[in-house]
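Asker: what follows is a predicted protein model with its sequence.
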Amino acid sequence: MVSKPHGGKLVRRLVAERTRERILSEQREYPRVQIEHGRAIDLENIAHGVYSPLKGFLTSDDFQNVLDEMRLSDDTPWTIPIVLDVGERTFDEGDAILLYYDDLPIARMHVEEIYTYDKREFAVKVFKTDDINHPGVARVMSMGDYLVGGEIELLNELPNPFAKYTLRPVETRVLFKELGWKTIVAFQTRNVPHLGHEYVQKAALTFVDGLFINPVLGRKKKGDYKDEVIIKAYEALFRHYYPRDSATLATVRYEMRYAGPREAIHHAIMRKNFGATHFIVGRDHAGVGDYYGPYEAWDTFDNFPDLGITPMFIREAFYCKKCGGMVNAKICPHGEEFHVHISGTKLRKMIMAGEQPPEYMMRPEVYEVVRSFENPFVE
C-alpha cells in the first residue's frame, strides 16, 4: 500500500483562483518581504505537501524541538528546521504579509511569531559543526537575525525549466496507484548515475513493486552536476537499461543542506509524502567533506521506529575483477586487490579530462550524454 503522508494527511496550501486574484489585486496593502531562492523552494514544498505535515515555517516551539529532539513539538519526527529568516522587523505578529521572490509574489503568510535564535546552536545541532567551511553552516551564519513562523498560502509557482519532469505528491500517488505498485522504493540523487548507483537501485527493486528515482534539482555546491545533465543522463539510462513497468523518474526542487544523518531522515520523509514505502539510504548520505561517518546516517534511523517509511541499507557497490561484475562486501569473498571502487570524484576528473570511464564504472550511453555538454558541472 502506498504510504500514508507524514503526519497522516497530505498538506495542500494552494489558494482558490478567486482568492488569489483578490490577494494580488490588494498586494500593495500587505507588508512586502523579499526572500531568496531556497526559501521560495521551501514554500513550494510546503504548499504541495512535500514537507507534510508542515503548513508553514516553524514557530519557536517547533524550531527548538527540532534542534533538540529531531521532532516537532507534537512528537512527529522532523529533523531539518524549515524556517524563514529576515534581517529586521518591518511587520508585527498577527499581520498577513506577502513573500516575494524577485518581483513575483510567491505566497501570503500569516505571521504567528517573530523570534530570535542562536545561529551557532542552529549550526552545531543540525550540522554537528560550526566550521564555516561547511556549506550548511555558512548558510546559517549568513541568515537574518529573526525567524518568522506561521502558515502560508501559495500564490504563484516559481519559473520551472523542468516542469515536464516535475510531479507533486498528489500526482505521484495517483501514478503509483495506476501502475499497480503497492510497495515503492525511492532513490534520492544529485549525481549522474554510475554503475554503483544502478546496482543499488536494482538490488532494492528486487524486493518491491516499483522504483521511484527522484533527482534533486536546485542550488548545489561547486563541482556538482548541473540539473539538465542529471536528467538527460537518467533518461538515457531508463531508455536502455530499466523496465518501463517497474521504474519511473520525476524530479523535486530542493536546496541541499548537506546535513548528513539528519538530512537522510528528512529525505526519507519527503519521499514518504510522495507515496514511497521504502527509501534507499546511501553511504555518507547528504554528507560533505569529512563531517560525518560513512554509514552514520544508517544508525540515525534507529531513533525513528515511528518514521512510517522503511529504510533500505544497501552496501556500497564496487567492481570485482574476480567476480566479473558489480558486488558489495557482503557477497564478494575476494581481496581488495581485485576490487575497483567507483569514486564520483575520480569519474569527474576523467570526464573533465575527456577520458571515457570504463563500462564497469559508467554506461557508455550515460557518458555520451555528459560529454555532449560543454561544461556539465556547477561552477
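Answerer: Received the coordinates, thanks. Residues are numbered from 1 along each chain as shown.
Asker: any idea which helix or strand comes after the host helix or strand of residue 297?
Answerer: Using DSSP states H and E, the element containing residue 297 is helix 296-300. Downstream of helix 296-300, the next assigned helix or strand under DSSP H and E is strand 310-313.
Asker: partner strands of that next one, parallel or antiparallel?
Answerer: strand 278-281 (parallel) (DSSP bridges).
Asker: related to what we said a few turns ago, just checking, what packs against the helix holding residue 297?
Answerer: With contacts defined as 3 or more CB pairs under 8 Å, 6 or more residues apart in numbering; DSSP states H and E, the packing partners of helix 296-300 are helix 261-274. No exception for glycine: its C-beta is placed from N, CA and C like everyone else's.
Asker: which residue is the nearest non-sequential neighbour of residue 42?
Answerer: residue 82 (5.6 Å; CB to CB, 6 or more residues apart in numbering).
Asker: pretty sure the one you found is touching residue 55, no?
Answerer: No - the pair residue 82 / residue 55 is not scored as a contact, 10.8 Å apart, by CB atoms under 8 Å.
Asker: joint contacts of these two?
Answerer: residue 46 (CB atoms under 8 Å, 6 or more residues apart in numbering).
Asker: if I pick residue 119, what's in contact with it?
Answerer: By CB under 8 Å, 6+ apart, residue 119 lies in contact with 140, 141, 143.
Asker: returning to that earlier point: just give me how far the helix holding residue 297 sits from the chain centre.
Answerer: 17 Å (CA atoms, centre = their mean, to the nearest Å).
Asker: can you pull the buried residues of that helix?
Answerer: For helix 296-300, the neighbour count (16 or more other CB atoms under 10 Å) marks 296, 297, 298, 300 as buried.
Asker: now the phi/psi pair for residue 34, please.
Answerer: phi -80, psi 140 (degrees, to the nearest 10).
Asker: right, I mislabeled it, should have said residue 85
Answerer: Phi and psi for residue 85, reported as degrees, to the nearest 10, are phi -110, psi 150.
Asker: again with the one 10 residues further on
Answerer: According to degrees, to the nearest 10, the main-chain angles of residue 95 amount to phi -80, psi 160.
Asker: same question, the one 5 residues further on
Answerer: When quoted as degrees, to the nearest 10, the phi and psi of residue 100 stand at phi -120, psi 140.
Asker: retrieve the pLDDT associated with it.
Answerer: We have a pLDDT of 98 for residue 100.
Asker: could you number the chain from 42 rather than 1 from now on?
Answerer: Shifting the count to begin at 42 puts that one at residue 141.
Asker: tell me what residue 194 is bridged to.
Answerer: residue 149.
Asker: contacts only, for the residue nearest to residue 83.
Answerer: If you count contacts by CB under 8 Å, 6+ apart, residue 123 has them with 83, 87, 92, 95, 98, 99.
Asker: burial count for the last one?
Answerer: Neighbour count for residue 99, taken as other CB atoms under 10 Å: 25.
Asker: for residue 314, give its distance to residue 207.
Answerer: According to CB to CB, to the nearest Å, residue 314 stands 15 Å off from residue 207.
Asker: so for these two, which residue has more residues nearby?
Answerer: Neighbour totals were compared for residue 314 and residue 207, and residue 314 leads with 28 against 17 (other CB under 10 Å).
Asker: residue 280 against residue 409, yeah?
Answerer: No - in this structure residue 280 lies outside contact range of residue 409 using CB under 8 Å: 11.8 Å.
Asker: neighbour count winner among those two?
Answerer: Ranked by neighbour count (other CB under 10 Å), residue 280 and residue 409 place residue 409 first, with 13 against 10.
Asker: what sits against that one?
Answerer: residue 277.
Asker: check it and give its pLDDT.
Answerer: What the model reports for residue 409 is a pLDDT of 96.
Asker: which element is it on?
Answerer: Per DSSP H and E: helix 405-412 holds residue 409.
Asker: can I get the CA coordinates of that helix in PDB?
Answerer: This file holds the C-alpha atoms of helix 405-412, laid out as PDB (Å, rounded to 0.1, in the frame of the first residue of the first chain):
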ATOM      1  CA  PRO A 405      28.600   4.500 -22.400                       C
ATOM      2  CA  GLU A 406      25.200   6.000 -23.100                       C
ATOM      3  CA  VAL A 407      25.400   8.000 -19.900                       C
ATOM      4  CA  TYR A 408      28.900   9.200 -20.700                       C
ATOM      5  CA  GLU A 409      27.800  10.300 -24.200                       C
ATOM      6  CA  VAL A 410      25.100  12.500 -22.600                       C
ATOM      7  CA  VAL A 411      27.600  14.000 -20.100                       C
ATOM      8  CA  ARG A 412      30.200  14.700 -22.800                       C
END
